[in-house]
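Visitor: Provided below are the primary sequence and the corresponding predicted coordinates.
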Amino acid sequence: MIFNSQSGITDDSRHADWDAWYLEHLRIMATVPGVSSAQRFKTDTPGASPSLAIYSVTSADVFKDPYYLSVRGMGEWLALIDRRYYKRNLFSGLDHAPQVEDTQVMLVADRERAEGKIADVEFTWLKCEGIDRSTPYRGLAIVNAANLPTLDATVAVYRPASPRMTPPQ
């Protein structure tokens, strides 16, 4: 399963501090039993959540784990979260979040139903299974940043903002 947490903050002067906090937060989230990867992305696509974190989780039971409950959330940043962008969704359709390298971007499209290709790019369609349920389906596609296709405004382009974190060995 894939867990997505989308957000943005209301104080532009705090972005560097938020980025530093988020990097540590991802590292901690990767230590939660049942979380096998965590990575954060950013976008400049108008109307899209500026920040998107994507996690590989074994099941919805991860969210009941006492350790998860002790480390989850936005902590000190909660008061600065821009509620227009705050969405959390759990999706089926992939066991693990896609690997996205620094030279790639992740295309994200929310739809009422799975659609297949968009702009000649094959998307993997995930079905929303829980939490906020802000979209019935989310399409993901990984493409080279240098070969970005022409997209309409309903597809957000997210670039990696962190390395992919995995549980400590």
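Guide: Everything's here; your move.

Visitor: what does the average pLDDT come to for the lengthiest helix in the chain?
Guide: The longest helix of the chain (DSSP state H) is helix 15-29. Regarding helix 15-29, the rounded mean pLDDT is 97.

Visitor: The helix or strand just after that helix vs helix 15-29, what angle?
Guide: For helix 15-29, the following helix or strand on the C-terminal side (DSSP states H and E) is strand 35-42. Put simply, strand 35-42 runs at 170 degrees to helix 15-29, going by axes from the mean of the first three to the mean of the last three CA atoms, to 10 degrees.

Visitor: coming back round to it: convert the C-alpha atoms of the longest helix of the chain to CSV, please.
Guide: In CSV, the C-alpha atoms belonging to helix 15-29 read as follows (Å, rounded to 0.1, in the frame of the first residue of the first chain):
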residue,chain,number,x,y,z
HIS,A,15,10.7,26.8,4.4
ALA,A,16,14.4,26.0,5.1
ASP,A,17,13.5,25.1,8.7
TRP,A,18,10.6,23.0,7.6
ASP,A,19,12.7,21.2,5.0
ALA,A,20,15.2,20.3,7.7
TRP,A,21,12.5,19.1,10.1
TYR,A,22,10.9,17.0,7.3
LEU,A,23,14.1,15.2,6.5
GLU,A,24,14.4,14.1,10.1
HIS,A,25,10.7,13.2,10.2
LEU,A,26,11.1,10.9,7.1
ARG,A,27,14.1,9.2,8.7
ILE,A,28,12.1,8.5,11.8
MET,A,29,9.0,7.4,9.8
